[in-house]
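# coords please:
(2 chains)
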Amino acid sequence: MAKRKRHKMEFEIEDVNLLPIMNLITLLIPFLLLSAQFIQIGVILVEPPRISSGGSSGGPNNANQPEKRELNLTVVVTGDGFSVNYKPNGTPVSLCPEKGKQPCIKAKMVGGKKTYDGHALQKLLFERVWKPFMKRNSLEPDKMKSNLFKDWGRVAILANDDIPYEVIVKVLDATREFPPEAKGVVSGRLACEFKKPLGEDEWVMKGNCMFPFAQISSQ
Amino acid sequence: MSNRMDSEEKARQERIEAKKAERREASKKFRKDPLKITSLMDALTIILIFLLKSYGSDPMEVPQKKNELMLPKSSSVSNMSECVDIQISRSAIVVKGKPVVKVLDGKTLESGATESSNPMLITKLKVQLDDWRKKAAEEKKKDVQKYEGEAFIAADGQIPFKIIKQVIFTAGMARYTRFTFAVVKTRGG
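Now for the predicted structure:
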């Protein structure tokens, strides 16, 4: 009896030997720190994804409504800046805050590097293209059939051969995402996201997008 | 008398010795106390879990290198999916880790890279992409003739638009209809 009591006491006093675990953890942490990815990589979709519901190969190309007009929204990127063209009434119109001046948004030299103002382009597209036509056009699959323009949500990006790729990405961001000024006009979070359901090939649009279906072509 | 004094002195000495020994014993006890590493263990376990979580969560990796391949920044929140990846660095076009065409000065393709009849078509790239599309179709058990591929393009931010255009056109000729551009996310998602 007495022996058992002493044994129990000894068991209580003894500490857990953490040394082997500490050895393991101190080895694992540097190894994982080396291979950890701190930069998150995202993607931008360039080919117009077909919206899953809404019948044959997406709404914009619906052959049942041939009378629908096309907006033909085009962003032209040159060495001087951005220009925006569209066809709101069937005839091509240049969309510039100051008429007659080409390009609409000039590239500026900042610190010896040419910089393009993506936010100005985003604001221009939102104020002059998205806002005037938002009531008669929608990107929601069940409302797309009654859209005024059959190519709503699409934008063509034309660029010169020497434009760096990062400028193209800036234009893609500006056309796809709503500007901060859209808060209050657009309900919900101002983020455009594409997701790919598991095991499927097509991307599905989620969130709020301005003109998410970008086509890249040359001048 | 002196004897008594001596014995008193001895007793005092002994008392001092005993006190000293006690103190020594106490300090020894203090030194013997085990290091408290419970809080350290907590912190390390949390770090370990965090690192394990961020380890290999993306289906593909894009090795970024300064002055070679730096992805442009974007506000996109979409995540990537597994598909054929084409890397366009300032020195070469690489398909699935295999260099296909050289890029000179980060601006132009090596001579003879494009077809003479069509300056947009990069011959070697099309052969590679055709192979990968066939492999993907066979893997998914779909009709090779009808299967449409998806290409993931990771290009350096300074690459001129002309090369991007040529790559997209070539991929299009190899029946790739979905394209995704790799970017570095500037906002969480």
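
# spatially speaking, which residue is in the middle of chain B?
Centrality entry for chain B: nearest residue to the mean C-alpha point is B:Glu61, 6.6 Å, by Cα atoms, centre = their mean.

# what helix or strand does it sit in?
Under the assignment given by DSSP states H and E, B:Glu61 is not contained in any helix or strand.

# how about the longest helix along chain A: buried residues?
Longest helix in chain A, counting residues (DSSP state H): helix A:19-35. Neighbour counts over helix A:19-35 (16 or more other Cβ atoms under 10 Å in any protein chain shown) mark A:25, A:32 as buried. For glycine as for every other residue, the C-beta is placed from the backbone atoms N, C-alpha and C.

# Next secondary structure after it?
Next along from helix A:19-35, by DSSP H and E: strand A:41-45.

# so what does that next one touch, helix or strand wise?
For strand A:41-45, the elements it packs on are helix A:165-176, strand B:176-185, judged by 3 or more Cβ pairs under 8 Å, 6 or more residues apart in numbering or on different chains; DSSP states H and E.

# just to revisit the earlier point, tell me how far the residue nearest to the centre of chain B lies from B:Val95.
The gap separating B:Glu61 from B:Val95 is 15 Å, by Cβ to Cβ, to the nearest Å.

# Could you do B:Asp85 as well?
Per Cβ to Cβ, B:Asp85 is found 7 Å from B:Val95.

# Quick check: bridge partners of A:Ile44?
For A:Ile44, the beta-bridge partners are B:Phe181 (DSSP bridges).

# count of neighbours near it?
A:Ile44: 24 surrounding residues under other Cβ atoms under 10 Å in any protein chain shown.

# Contacts only, for it.
Residues near A:Ile44 by Cβ atoms under 8 Å, 6 or more residues apart in numbering or on different chains: A:169, A:172-173, A:176, A:214, B:74, B:76, B:78, B:180-181, B:183.

# the helices in chain B, which residues?
Using DSSP H, helices in chain B cover B:2-32, B:38-54, B:123-139, B:161-173.

# tell me what the last one is packed against?
Applying 3+ Cβ pairs under 8 Å, 6+ apart, one finds that helix B:161-173 makes contact with helix A:165-176, strand A:213-218, strand B:84-88, strand B:108-109, helix B:123-139, strand B:149-155.

# any residue of the last one up close to chain A?
Just to be clear, that refers to strand B:149-155. Yes: using Cβ under 8 Å from any Cβ of the partner chain, strand B:149-155 reaches chain A at B:150, B:152, B:155.

# List just the nearest of those residues to chain A.
Relative to chain A, the closest of the residues of strand B:149-155 next to chain A is B:Ala155; by Cβ to the nearest Cβ it sits at 5.1 Å.

# Double-check that closest one against B:Arg90; I have them as touching.
No: at 9.7 Å, B:Ala155 does not count as touching B:Arg90 under the criterion of Cβ atoms under 8 Å.

# still on that earlier bit, out of the helices and strands packed on strand A:41-45, which one sits most buried?
Mean neighbours per residue, mean count of other Cβ atoms under 10 Å in any protein chain shown, is largest over those for helix A:165-176, with a mean of 24.

# quick one, helices of chain A?
A:2-13, A:19-35, A:118-124, A:131-133, A:165-176.

# Tabulate those (a markdown table), appending mean pLDDT and distance to chain B.
A markdown table is the format used below for the helices of chain A (pLDDT from 0 to 100; distance: least, Cβ to the nearest Cβ, whole Å):
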| stretch | mean pLDDT | distance to chain B |
| --- | --- | --- |
| helix A:2-13 | 56 | 11 |
| helix A:19-35 | 86 | 4 |
| helix A:118-124 | 87 | 9 |
| helix A:131-133 | 82 | 20 |
| helix A:165-176 | 89 | 4 |
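
# Next, format these as CSV and append distance to A:Val186.
Listed next are these as CSV, based on distance: least, Cβ to Cβ, whole Å:
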stretch, distance to A:Val186
helix A:2-13, 64
helix A:19-35, 40
helix A:118-124, 13
helix A:131-133, 10
helix A:165-176, 13
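
# Out of those helices, which is closest to A:Val93?
The minimum distance between A:Val93 and the helices of chain A falls on helix A:131-133, with 12.1 Å, by Cβ to Cβ.

# Tell me the buried residues in the closest one?
A:Phe133.

# Kindly report the same for stretch A:127-138.
A:128-130, A:133, A:137-138.

# From start to finish, how long is it in a straight line?
From its first residue to its last, stretch A:127-138 covers 16 Å (Cα to Cα, to the nearest Å).

# repeat for stretch A:175-195
End-to-end distance for stretch A:175-195, by Cα to Cα: 18 Å.

# Give me the residues contacting that stretch.
Contacting residues not belonging to stretch A:175-195 are listed as A:43-45, A:49, A:75, A:119, A:121-123, A:125-127, A:130-131, A:134, A:155, A:157, A:203-212, A:214, B:75-79, B:187, B:189 [Cβ under 8 Å, 6+ apart].

# So what's the predicted local confidence for B:Ala21?
pLDDT recorded at B:Ala21 is 86.

# burial of it, as a residue count?
Neighbours of B:Ala21 using other Cβ under 10 Å come to 10.

# Could you say which of the helices of chain B is packed most deeply?
Highest mean neighbour count among the helices of chain B (mean count of other Cβ under 10 Å): helix B:161-173, with a mean of 21.

# which intervals of chain B have sub-threshold pLDDT?
Counting by pLDDT under 70, chain B has low-confidence residues at B:1-2, B:27-34, B:56-60, B:188-189.

# Domain ranges for it, per the record?
B:2-54, B:73-185 (automatic domain parsing).

# if we can go back for a sec, show the buried residues in the contacts of stretch A:175-195.
A:43-45, A:49, A:75, A:121-123, A:125-126, A:130, A:155, A:157, A:203-205, A:207-212, A:214, B:75-79.

# Which ones among the residues you listed map onto strands?
A:43-45, A:75, A:155, A:157, A:204-205, A:207, A:214 (DSSP state E).
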